[in-house]
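Peer 1: need a structure here:
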Amino acid sequence: MSVVAAAVCPHPPLLVPEVATGAAPELDDLRAACLTAIDALSAASSILVVGSGTAGAYDASAGGSFGAYGAPGVRIGTGPAVLPLSLAMGGWLLDRSKSAQLPRGYRAVPGDTAPGDCVRLGRELAESNERLGLLVLGDGSARRSEHSPVHLHPRAEIFDTTVAQALRAKDLDVLEALDPDLARELQAAGRAPWQVLAGALEGTSLSGDLLYEAAPYGVGYLVATFA
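Peer 2: Residues are numbered from 1 along each chain as shown. Model (predicted):
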């Protein structure tokens with residue numbers, strides 16, 4: 001078997017209402033798009049959550065906490081809080097979807113992983129003997145406006161738009177060719193996970209659909225599904 005479905009979501013902790021507090025309704029559309037994308041993973045027999053972070057593989061019991069973001073009572077998993085933010089956010093979203101009961105695992109990919117290594121990892125993951133669903137977490141550029149975490153960069157919107165179009169069209173060549181140096185300059189945390197996805201989707205007949213594209217806080221957020 002191979003990858004039978006995939007979802008792409010961003011990982012801002014503000015998706016968690018207890019973190020966003022009064023601002024939670026501002027991301028209702030993004031939260032809904034993420035859950036719609038993840039619901040499509042119910043066609044799989046197991047799910048692997050892929051996101052940026054110190055290299056590591058974790059099983060379903062791995063814990064994640066949002067205490068560092070002001071919500072110490074919000075946790076996922078039963079074990080110690082070892083998951084990086086991207087994977088913890090993926091687990092939190094997954095727990096609220098129709099795919100919540102499927103077996104899951106987590107895989108963190110360092111943000112400085114070379115594109116070729118990301119693609120090779122994706123190909124290796126696709127060799128699973130199960131009907132695998134991928135939940136890929138990654139933010140676009142954090143330099144989309146003057147109110148961004150880092151000041152506006154003139155290439156930020158072009159970069160995010162390029163990725164959005166590639167996800168919509170399932171243009172794996174474009175995803176595989178993303179420049180890690182430019183992504184680092186633009187503070188686009190999704191570059192490595194997106195390239196893992198590109199490798200995993202090679203040879204599949206899945207079609208892409210872009211569900212969300214915006215930068216509400218000066219950070220590019222993209223949601224896509226492949227089914």
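
Peer 1: if I pick V136, what's in contact with it?
Peer 2: Shown in contact with V136 (CB atoms under 8 Å, 6 or more residues apart in numbering): A6, A7, V8, C9, V50, G51, G190, P193, W194, V196, L197. In short, each C-beta sits where N, CA and C put it, glycine included.

Peer 1: and the first one, that one's in a strand?
Peer 2: Right, A6. Yes. Under DSSP: H, G, I helix; E, B strand; the rest coil, A6 falls within a strand.

Peer 1: Alpha carbons only: can I get stretch 58-65 in PDB?
Peer 2: Extracted C-alpha coordinates of stretch 58-65, given in PDB (Å, rounded to 0.1, in the frame of the first residue of the first chain):
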ATOM      1  CA  TYR A  58       7.100   9.200  18.500                       C
ATOM      2  CA  ASP A  59       4.200   6.800  19.100                       C
ATOM      3  CA  ALA A  60       0.600   7.600  19.800                       C
ATOM      4  CA  SER A  61       1.200   8.000  23.600                       C
ATOM      5  CA  ALA A  62       3.600  10.900  23.100                       C
ATOM      6  CA  GLY A  63       2.500  13.900  25.000                       C
ATOM      7  CA  GLY A  64       2.300  17.500  24.000                       C
ATOM      8  CA  SER A  65       1.500  20.600  26.100                       C
END
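
Peer 1: before we move on, the earlier item: list the ones among the contacts of V136 that fall in helices.
Peer 2: P193, W194, V196, L197 (DSSP state H).

Peer 1: Save those residues as JSON lines, and put in neighbour count and pLDDT too.
Peer 2: What follows is the ones in helices among the contacts of V136, written out as JSON lines (neighbours: other CB atoms under 10 Å; pLDDT from 0 to 100):
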{"residue": "P193", "neighbour count": "32", "pLDDT": "98"}
{"residue": "W194", "neighbour count": "29", "pLDDT": "98"}
{"residue": "V196", "neighbour count": "31", "pLDDT": "98"}
{"residue": "L197", "neighbour count": "29", "pLDDT": "98"}
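
Peer 1: Take those residues and lay them out in CSV including distance to R168.
Peer 2: Output for the ones in helices among the contacts of V136, formatted as CSV (distance: CB to CB, whole Å):
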residue, distance to R168
P193, 17
W194, 13
V196, 19
L197, 14
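
Peer 1: downstream neighbour of the helix or strand hosting L93 in the secondary structure list?
Peer 2: If you go by DSSP states H and E, L93 is part of helix 85-95. Using DSSP H and E, the helix or strand that follows helix 85-95 in sequence is strand 104-109.

Peer 1: got the CA positions of whichever helix or strand comes after that following strand in CSV?
Peer 2: Counting by DSSP H and E, the next helix or strand C-terminal to strand 104-109 is helix 115-125. Extracted in CSV, the C-alpha atoms of helix 115-125 (Å, rounded to 0.1, in the frame of the first residue of the first chain):
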residue,chain,number,x,y,z
PRO,A,115,15.4,19.2,0.2
GLY,A,116,16.7,16.0,-1.3
ASP,A,117,16.7,14.4,2.2
CYS,A,118,13.2,15.5,2.8
VAL,A,119,12.0,14.0,-0.5
ARG,A,120,13.8,10.8,0.3
LEU,A,121,12.1,10.6,3.7
GLY,A,122,8.8,11.1,2.1
ARG,A,123,9.4,8.2,-0.4
GLU,A,124,10.4,6.0,2.5
LEU,A,125,7.3,6.8,4.4
